[in-house]
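**Student:** Got a predicted model here, sequence first, then my questions.
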Amino acid sequence: MADRVVLGIGNRDRGDDAVGLLVLDELEDRQLENVELMPGDGDPGWMLDSWEGRRCAVVVDAMQTGAAPGTVVVFDASSAAVPAMTRLSSSHALGAATSVELARAIGKLPDRLVVVGVEADSVRLGSAVTPAVASVVSLVADAVMELLGDA
């Protein structure tokens, strides 16, 4: 098992909600060593299982905070709660933020957990990824690679 994991959260049928999966696609093309790339929907049980025993986990998800679409926010969730104004649950039942805080409450966080949120515009079923979000996918992948290098 790789000691680092990137969890790309999203749904390809819901527009900008696909951003986590698109970043994983970009990272897959880069052939990272000792890094597992895992797509998912933000289910808390899945997330906790996915980062169990890992030194570092990076979660990439759409967020809706009212910022401009395509805005990227990076925060270390290892030592502090996911900011309350950051809603990482664009179209997921509970969402990544809930999963992170559940893991914190039961002592199941990895050594280092970084959340990368990308401000979504449209997450309606059947909508396409907006240009603002599509334009930051490569930049987010670069940021994730840098975060993994620091782990």
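**Tutor:** Right, received. Where do you want to start? The model shown is predicted, which means the values in this text are computed figures rather than measured ones. Residues are numbered from 1 along each chain as shown.
**Student:** Tell me the bridge partners for residue 40.
**Tutor:** Here residue 40 sits in beta bridges with residue 9, going by DSSP bridges.
**Student:** Need the per-residue pLDDT for it.
**Tutor:** pLDDT for residue 40: 92.
**Student:** Let me see the contact set for it.
**Tutor:** 7-9, 46-47, 50 (CB atoms under 8 Å, 6 or more residues apart in numbering). Where you see a C-beta, it was placed from the backbone N, CA and C, and this is true even at glycine.
**Student:** ranges for the helices of the protein?
**Tutor:** Taking DSSP state H to define them, one finds helices in the chain at 19-28, 44-51, 96-105, 131-134, 137-150.
**Student:** how close does residue 98 sit to residue 37?
**Tutor:** 22 Å (CB to CB, to the nearest Å).
**Student:** next one: residue 75
**Tutor:** 21 Å.
**Student:** still on that earlier bit, filter the contacts of residue 40 down to the buried ones, PyMOL style.
**Tutor:** In PyMOL, the members of the contacts of residue 40 classed as buried (16 or more other CB atoms under 10 Å) are selected with the following command:
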select buried, resi 7+8+9+47+50
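**Student:** In CSV: the contacts of residue 40, plus pLDDT and distance to residue 21.
**Tutor:** Putting the contacts of residue 40 into CSV (pLDDT from 0 to 100; distance: CB to CB, whole Å) gives the following:
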residue, pLDDT, distance to residue 21
7, 96, 10
8, 96, 5
9, 93, 8
46, 89, 14
47, 89, 15
50, 94, 14
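**Student:** Show me where the chain dips below the pLDDT cut-off.
**Tutor:** Low-confidence segments of the chain, defined by pLDDT under 70, are located at 83-95, 151.
**Student:** which residues touch stretch 16-27?
**Tutor:** For stretch 16-27, the surrounding residues in contact (CB under 8 Å, 6+ apart) are 6-12, 35, 37-39, 59-62, 69, 90-91, 116, 118, 120-123, 127, 129-130, 133-134, 137-138, 140-141, 144-145.
**Student:** What separation is there between the most centrally placed residue in the chain and residue 53?
**Tutor:** When the chain is reduced to its mean C-alpha position, the closest residue under CA atoms, centre = their mean turns out to be residue 60, at 1.5 Å. Spatial separation of residue 60 from residue 53 under the definition CB to CB is 20 Å.
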